[in-house]
Structures are given as structure tokens and as C-alpha cells.
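J.: next one to model:
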Amino acid sequence: MPPPPVTLQRADHDDPRVVAAVRRYVGELDARFPGGFAVTEADLVDPGGHYLLALRPGTDPGTDHGADGAVDAVGVGGVRALPSTDDVPTAEVKRMWVDPSARGSGLGRLLLGALEDLARELGHRRVLLDTHLTLGEALALYDRAGYDRVERYNDNPYAQAFFAKRLD
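T.: Numbering: from 1, shown residues only. Just a heads-up that it's a prediction; the model follows:
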């Protein structure tokens, strides 16, 4: 049987579902990265960021929101404004994550496209993002979605690959 449908919903940075999904993302990275992945509680989500949640009807009482008609966050991602050095309004995709139970369903591409649309809606004409080389599925997604590899644009100590995409 196919998984239940997923809906995307905008949410504030301090929405408990956003925070819980980002914590799951951080936990997964901590397990996958050689040497782990650590962020402070203050750096978990960006107060100036705009977030999307991927939600599906709840099926597991052990998830963040349980069953009985509740919804489970199976994905999250945010965009935040970056200073531009070339007069192109630029956003950065941050904390994009899809739960392992939803991978392979096209949700990553759907979420990335929706984050690009959100960046456009906010007036940005380019998006940047970074990732770790351990995340082969993310690297493949960004390549398939038309992102170009670029030089390092930030000081994120965990980032090893950098991407950009024009939105116009």
C-alpha cells in the first residue's frame, strides 16, 4: 500500500513541529557524519528563517505527534535571506530533511521546489545551499534539480559542497 499523501505547510521557526523535525535532522547528521554533528539550541533554527513542514496523517504513536488523526512531520526545510555581494537578492536553503520513511517517494524534490518557490515569493532571485559529502542522496538531488556547484560561500565547518541556483 502506498504511503499516505503528504502536504506542505508554512510554519514559524518556533513551531514545535519545526523544532522537533530539525532535532531529528540534527540527530541523523550526528549519527552519519564522521566525528558527529553538533549545534547549540540557539542555532537549531534561524529566527529569521521561513520554514515548510511536510506533513502526513499520523500512523505511529511513537512519533512526535502520535496517531489517532494527528499528523507526523516527515520533512522540514527553511530559507533565510543572505547578504548579496552582486545585487542579486539571495536566500539560503537550510535544515532541509526528509524522514527515512518518506525517502524515495519524491518528497525531497517536492520540498526543495517548494522552498525555491518560497524564496521567490520572498523576493529572492538566487538560492544557495551547502551540504556534507556523506549525504550522497542530497548531492544527487541538488544536481538533478539544476544546482551548480560553487565555491565556499560560508564558514560552516560541516559543509563540504556548495551549490547555487538562479530562480529567474
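J.: first vs last residue of stretch 100-112, how far apart are they?
T.: End-to-end distance of stretch 100-112: 16 Å, with C-alpha to C-alpha, to the nearest Å as the criterion.
J.: ok, stretch 39-47 next?
T.: Stretch 39-47 stretches 15 Å from its first residue to its last (C-alpha to C-alpha).
J.: how about it: buried residues?
T.: 39, 45, 46 (16 or more other C-beta atoms under 10 Å). C-beta: built from backbone N, CA, C; applies to glycine.
J.: again with stretch 83-102
T.: Within stretch 83-102, the residues that qualify as buried by neighbour count (16+ other C-beta under 10 Å) are 90, 91, 92, 93, 94, 95, 96, 97, 98, 99, 102.
J.: bridging residues for the third one?
T.: Using DSSP bridges, the bridge partners assigned to residue 92 are residue 80, residue 128.
J.: mind checking how far it is from residue 44?
T.: From residue 92 across to residue 44, the span is 16 Å (C-beta to C-beta, to the nearest Å).
J.: and the last one, by the same measure?
T.: Counting by C-beta to C-beta, the gap between residue 102 and residue 44 amounts to 21 Å.
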